[in-house]
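J.: Kindly generate the corresponding structure for this input.
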Amino acid sequence: MVLFPMIRVHKLTDYAIILMVYLAQKSKGSISTTRELAEESGVPSTTVSKLLKQLHKGGWLESSRGVQGGYALAHDPATISLLAIIEALEGPIKLTDCQNSCQLENACPTQRPWQTINQILKNTLSTISLADLKSCS
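T.: Below you'll find the predicted structure:
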């Protein structure tokens with residue numbers, strides 16, 4: 001019997017998506033602290049801090065310092081795709097290395113189908129917005 005590995009996002013990416021949904025559920029312009037998000041989501045505070053900084057660096061969050069400081073979405077949830085969040089944490093999505101140099105590149109019969117599958121996956125993830133995820137919760 002042949003076992004195939006599961007295709008999955010890393011746990012930190014999953015946590016980042018959860019945090020983005022929590023931020024999307026807030027009223028527009030509302031700011032959340034790392035501590036508040038950790039308490040609401042159950043994600044450890046140090047992990048929340050790390051992910052929020054990474055999402056801020058990627059341009060998906062705004063931050064403010066001080067007593068009233070914290071994080072808020074930098075864009076409307078309807079304009080933030082699941083693909084964008086995943087790629088902000090994981091880099092470009094690809095199921096195989098067909099898009100990079102491969103020893104079999106010139107003679108591979110599956111290169112084109114894998115490229116098609118990769119594109120379908122990316123297209124699907126790009127059509128799911130943070131607002132869609134928020135409405136499902």
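J.: count of neighbours near residue 32?
T.: Using other Cβ atoms under 10 Å, the number of residues around residue 32 comes to 21. Where you see a C-beta, it was placed from the backbone N, CA and C, and this is true even at glycine.
J.: typed the wrong thing, it's residue 30
T.: Neighbour count of residue 30, defined by other Cβ under 10 Å: 11.
J.: Look at it and report its pLDDT.
T.: As summarised for this prediction, residue 30 has a pLDDT of 80.
J.: By residue count, what's the longest helix in the protein?
T.: Longest helix of the chain, by residue count under DSSP state H: helix 111-127.
J.: Which other helices and strands does that one contact?
T.: For helix 111-127, the contact count by 3 or more Cβ pairs under 8 Å, 6 or more residues apart in numbering; DSSP states H and E identifies helix 82-90 as packing neighbours.
J.: Next secondary structure element downstream of the longest helix of the chain?
T.: Next helix or strand after helix 111-127 toward the C-terminus (DSSP states H and E): helix 130-136.
J.: So which other helices or strands are in contact with that next one?
T.: helix 11-25, helix 82-90.
J.: Of all those, which one is nearest residue 136?
T.: Nearest of the helices and strands packed on helix 130-136 to residue 136, taken as Cβ to Cβ: helix 11-25 at 8.7 Å.
J.: that older thread, now the angle from the longest helix of the chain to helix 82-90?
T.: Between helix 111-127 and helix 82-90, the angle comes out at 110 degrees (axes from the mean of the first three to the mean of the last three Cα atoms, to 10 degrees).
J.: Name the residues of helix 111-127 that come out as buried.
T.: 111, 114, 118, 122, 125 (16 or more other Cβ atoms under 10 Å).
J.: hmm, back to that, out of the helices and strands packed on helix 130-136, nearest to residue 51?
T.: It is, among the helices and strands packed on helix 130-136 and with distance given as Cβ to Cβ, helix 11-25, at 4.7 Å.
J.: Now do the closest one, average pLDDT.
T.: 94.
J.: Give me the average confidence score over the helix or strand following it.
T.: Helices and strands here follow DSSP H and E; after helix 11-25, the next one along the chain is helix 34-41. The average of the pLDDT scores along helix 34-41 is 93.
J.: What lies in contact with helix 34-41?
T.: Defining contact as Cβ atoms under 8 Å, 6 or more residues apart in numbering, one finds that helix 34-41 is touched by 15, 18-19, 22-23, 32, 43-45, 48-49, 52, 70-71.
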